[in-house]
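Enquirer: Got a sequence here, can you build the structure:
(4 chains)
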Protein chains: 2
Amino acid sequence: MELTERKKQILKVVVDDYIHTAEPVGSKAIAARMGGVSSATIRNELADLVELGYLEQPHTSAGRVPSPKGYRLYVNELMERQKLSLDETEKINQSLQLKMEELDRLLSQAGRAVSSFVNYPTYMAAAGKKSMTAQRFELLPVDDRSCIVVMMMDGNRVKSQLLRLQLKVEMDQFPILVNLLNSHFTKISTKEMNMRLMNVADQIPPQAFLLLSQIVSYAVESLEEAGHREIVTAGARELLKLPEFRDADKAHELMSFLADSKENLPVPEDDSPLKILIGPENVSDALKDTSVVVASYDIGDDMRGLIGVVGPTRMDYATVAARLSGFADGLTRLFGKQELPPKEDTKE
Amino acid sequence: MELTERKKQILKVVVDDYIHTAEPVGSKAIAARMGGVSSATIRNELADLVELGYLEQPHTSAGRVPSPKGYRLYVNELMERQKLSLDETEKINQSLQLKMEELDRLLSQAGRAVSSFVNYPTYMAAAGKKSMTAQRFELLPVDDRSCIVVMMMDGNRVKSQLLRLQLKVEMDQFPILVNLLNSHFTKISTKEMNMRLMNVADQIPPQAFLLLSQIVSYAVESLEEAGHREIVTAGARELLKLPEFRDADKAHELMSFLADSKENLPVPEDDSPLKILIGPENVSDALKDTSVVVASYDIGDDMRGLIGVVGPTRMDYATVAARLSGFADGLTRLFGKQELPPKEDTKE
DNA sequence: CTTTAGCACTCCGGGGGGCAGAGTGCTAAA
DNA sequence: TTTAGCACTCTGCCCCCCGGAGTGCTAAAG
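Expert: Okay, the predicted model is just below:
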């Protein structure tokens, strides 16, 4: 059943108002804001809306509060898709001028920026490929007991570390090792890497094997870490400013959930760049009476990252959605610039 | 003026009790715990202790609460230096089995571990050298428009990144560049690096200069970032469990301070590994009614890192101090293992 | 001189009761 | 169908009261 235009208007006013005041909104206030009709009329309409499940009444003789169903309608149809003001776009771009080399740190930086921009807690994740692979290895000798391992992974990410070797190596051994690494340990899953390591075990001298396995296990570790979608959260303290989280226990519970949850935070659908989850629409119990807005951005090399915002159900969906999209676009652009053109990448 | 033995005993009981209950402690409770004397006697002593400034009374007819001065005496003399139980040592070592390559991430990991171990918020910092310098450069060509820059810095830290070059380069150019970098841009401050860059400007072909400056500016950036003592905090939510921070505003204030403060958190004296700052002893206003316990650990290459714990003045100093020292020792050991022996390092 | 018991006093915190304000539902009239 | 009017309801807040915990003081005992 469709709502009349006026009912929708009223619902919109209720949501708009409640979003900002966090207090049940009464018929008089609505009438004042709509003009043309009296509060009594509004009251009749309100009664209907409650009946239909779009609004709720904390108790008789209090104003109305939107129900999840009401928010849903609001988000789907009523909400005025906000455009970012020039000023805001400017600010977003500015805060994305982060000179960060490492992806992870860039994310936590961006997370903080988003959080302070929307005034809600955020979480970010670089959705790594399910399985990262090494593209290329290099070894840079430092002395006869240590060398720098450089590994290039999918998506042109580079990792390197000084490795203290378990035994002395002649300088001329390094090129051989590098060759072996590049020919046998690139472009395969970490699982396969371990298997191949076993396979070559009896084909090369034991010392060489020792070194090789040290390097390979470093590589495997790094790859798995990079592939593992780590979620970093920021700005959890913003919660404390909201009336619904003035209760320390509640705030603590949600904060702990955010800090601990590694996998179970909402992600957007594959086909749409923005997803809004309202209250009970969330699967995690801890989020049952909060809302989540989550956007995704492209990292190139068909990887996607995501930014999410967690807030009360009366979150300012329009603003948050607009700003979040702004950031997501900014990040997509940022990565587009950093990455090599994909053509170059495939030609090997 | 020295306190009598009994006064000290009483003070100790008051602090011990208050630390755990967060409620003013009364004469009866003290008498019960001490035995031998009646509550009336205790009351006389308490009055003296208030007079002398070691205790405070929230209001007439409430129990007593330790004053900062009281805590100070407690920490200096009364507190039983706790030994870590085997179990605890075990746990600390376990949580330090972090397989992290990057210093920064290791720190935030360790910070989280400490926080969950002492149940207070923590902050950590790797006190980088005031000015990091590059020790060695390598360039690994990827194609004619990009290469991997590898830079080794003080303390055997290695950074690398894929750099998209502003113009095409012949393969044979790279060795020349590397030479130039290693001969002119290592072991000098970033300031000097920029100056040298200017100096060579007219001695090499313009294209080469363009590349060089791109690489050098990446290096400068990385060095400055690595040298900058970044402070990372963890476990701020622990605050919410404490009765003194059930007030959302207070908690929010302190959390914001922790999140924002980059430089003004307490550091231990150079000569001692552990420092305890009680309430007003803190210089930052935001910490005036909290206490801080901070420990330092060695990273080798005469760099030091620090771990701090922030809590209410009635923090459990004995336990926190013991556990924090345990972590600091663990970290010192951890880095000792990772670093190369310093001898090797200086021989170049 | 110190310790103890006794006692009056103070103050906090929690549990009613009352009251104003905001908002509703209903009815009757436009 | 809309509106005005009115009685009704419920919350939040203030105030008051009261019990409990703890103190300070005094006077007696060791």
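
Enquirer: following the helix or strand containing A:Lys7, which helix or strand shows up next?
Expert: Assigned by DSSP states H and E, A:Lys7 belongs to helix A:5-21. Counting by DSSP H and E, the element after helix A:5-21 in chain order, helix or strand, is helix A:27-34.

Enquirer: if we can go back for a sec, how about residues contacting the helix holding A:Lys7?
Expert: A:3, A:24-25, A:29-30, A:33-34, A:42, A:45-46, A:48-49, A:54-55, A:64-66, A:70-71, A:73-74, A:77-79, A:314-317 (CB atoms under 8 Å, 6 or more residues apart in numbering or on different chains). All C-beta spots, glycine's among them, are computed from the backbone N, C-alpha and C.

Enquirer: restrict the residues you listed to those near DNA strand C?
Expert: When contact is defined as CB under 7 Å from any atom of the strand, the contacts of helix A:5-21 meet DNA strand C at A:24-25, A:29, A:46, A:64.

Enquirer: Which of those sits closest to B:Phe335?
Expert: Using CB to CB, A:Pro24 comes nearest to B:Phe335 of these, at 57.4 Å.

Enquirer: what's that closest one sitting at in phi/psi?
Expert: For A:Pro24, the backbone dihedrals (degrees, to the nearest 10) come out as phi -50, psi 140.

Enquirer: excluding its backbone neighbours, what's nearest it?
Expert: A:Gly63 (3.2 Å; CB to CB, 6 or more residues apart in numbering or on different chains).

Enquirer: could you measure the one you found against B:Glu2, distance?
Expert: 66 Å (CB to CB, to the nearest Å).

Enquirer: Which one's more surrounded, the two?
Expert: The neighbour comparison of A:Gly63 against B:Glu2 (other CB atoms under 10 Å in any protein chain shown) goes to A:Gly63, with 20 against 6.

Enquirer: quick one: that one and A:Ala22 touch, right?
Expert: No: A:Gly63 is beyond contact range of A:Ala22, at 11.5 Å (criterion: CB atoms under 8 Å).

Enquirer: now the strands: where do they sit in chain A?
Expert: A:55-56, A:65-66, A:122-127, A:134-143, A:146-153, A:158-164, A:231-234, A:274-277, A:290-300, A:303-312 (DSSP state E).

Enquirer: Disregarding flanking residues, what is the spatial nearest neighbour of A:Tyr317?
Expert: Leaving aside its sequence neighbours, A:Tyr317 sits nearest to A:Val75 (CB to CB, 6+ apart; 5.3 Å).

Enquirer: tally of neighbours for that neighbour?
Expert: By other CB under 10 Å, neighbour count at A:Val75 equals 18.

Enquirer: was I right about it contacting A:Ile278?
Expert: Yes: with contact defined as CB under 8 Å, A:Val75 reaches A:Ile278; the gap is 7.0 Å.

Enquirer: and stretch A:285-297, how far from the chain's centre?
Expert: Using CA atoms, centre = their mean, to the nearest Å, the mean C-alpha position of stretch A:285-297 is found 10 Å from that of the whole chain.

Enquirer: One more: stretch A:313-332?
Expert: 12 Å.

Enquirer: For chain B, what's the nearest residue on the stretch 51-200 of chain A?
Expert: A:Ser160 (4.0 Å; CB to the nearest CB).

Enquirer: Isn't that residue up against A:Met153?
Expert: No: using CB under 8 Å, A:Ser160 makes no contact with A:Met153, being 11.2 Å away.

Enquirer: Have a look at the two and say which one is more surrounded.
Expert: A:Ser160 (25 against 22).

Enquirer: what pairs with the more buried one across the strands?
Expert: In this structure, A:Ser160 bridges to A:Val150 when assessed by DSSP bridges.

Enquirer: and it, what is it in contact with?
Expert: Listed by CB under 8 Å, 6+ apart, the contact set of A:Ser160 reads A:148-151, B:150, B:158-160.

Enquirer: Just the closest of the residues you listed to A:Ala322, please.
Expert: The closest of the contacts of A:Ser160, once distances to A:Ala322 are taken by CB to CB, is B:Lys159, at 36.6 Å.

Enquirer: pLDDT below threshold where in chain A?
Expert: A:1, A:99-101, A:127-130, A:301, A:337-348 (pLDDT under 70).

Enquirer: the domain parsing of it - what is it?
Expert: Domain segmentation of chain A under automatic domain parsing yields A:5-78, A:86-128+A:229-346, A:134-227.

Enquirer: How far away from the center of its chain is the first one?
Expert: Relative to the centre of its chain, domain A:5-78 is centred 32 Å away, using CA atoms, centre = their mean.

Enquirer: Kindly report the same for the longest one.
Expert: Relative to its parent chain, domain A:86-128+A:229-346 has a centroid offset of 4 Å by CA atoms, centre = their mean.

Enquirer: Likewise for stretch A:171-188?
Expert: For stretch A:171-188, the distance to the chain centre is 36 Å (CA atoms, centre = their mean).

Enquirer: what comes into contact with that stretch?
Expert: Under CB under 8 Å, 6+ apart, the answer for stretch A:171-188 is A:133-139, A:141, A:144, A:147, A:193, A:196-197, A:200, A:204, A:208, A:211-212, A:215-216, A:219.

Enquirer: Pull out the buried positions in it.
Expert: Neighbour-count burial for stretch A:171-188 flags A:173-174, A:177-178, A:180-181, A:184-186 (criterion: 16 or more other CB atoms under 10 Å in any protein chain shown).

Enquirer: restrict those residues to contacts with DNA strand D.
Expert: Okay, of the buried residues of stretch A:171-188, nothing touches DNA strand D (CB under 7 Å from any atom of the strand).

Enquirer: Closest one of those to B:Gly227?
Expert: The closest of the buried residues of stretch A:171-188, once distances to B:Gly227 are taken by CB to CB, is A:Phe174, at 30.4 Å.

Enquirer: Now the stretch 101-250 of chain A against DNA strand D: closest residue?
Expert: DNA strand D sits closest to A:Pro243 of the stretch 101-250 of chain A, with a gap of 11.1 Å, by CB to the nearest atom of the strand.

Enquirer: So what touches stretch A:26-38?
Expert: Stretch A:26-38 is touched from outside by A:9-10, A:13-14, A:17, A:39-43, A:46, A:63-64, with contacts defined as CB under 8 Å, 6+ apart.

Enquirer: close to DNA strand D, is it?
Expert: Yes: judged by CB under 7 Å from any atom of the strand, stretch A:26-38 and DNA strand D are in contact via A:36-38.

Enquirer: Name the residues of that stretch that come out as buried.
Expert: For stretch A:26-38, by 16+ other CB under 10 Å, it's A:26-27, A:29-31, A:37.

Enquirer: And the helices in the stretch 51-200 of chain A?
Expert: For the stretch 51-200 of chain A, the helices defined by DSSP state H, counting those that start in this stretch occupy A:68-73, A:86-95, A:103-118, A:173-184, A:190-200.

Enquirer: Kindly report the residues of chain A close to DNA strand C.
Expert: Counting by CB under 7 Å from any atom of the strand, chain A sits next to DNA strand C at A:24-29, A:39-40, A:43, A:46-47, A:50, A:57, A:60-64.

Enquirer: how about a cut-off of 10 Å?
Expert: Neighbours of DNA strand C within chain A, by CB under 10 Å from any atom of the strand: A:14, A:17, A:21, A:23-32, A:38-48, A:50-51, A:55, A:57, A:59-64.
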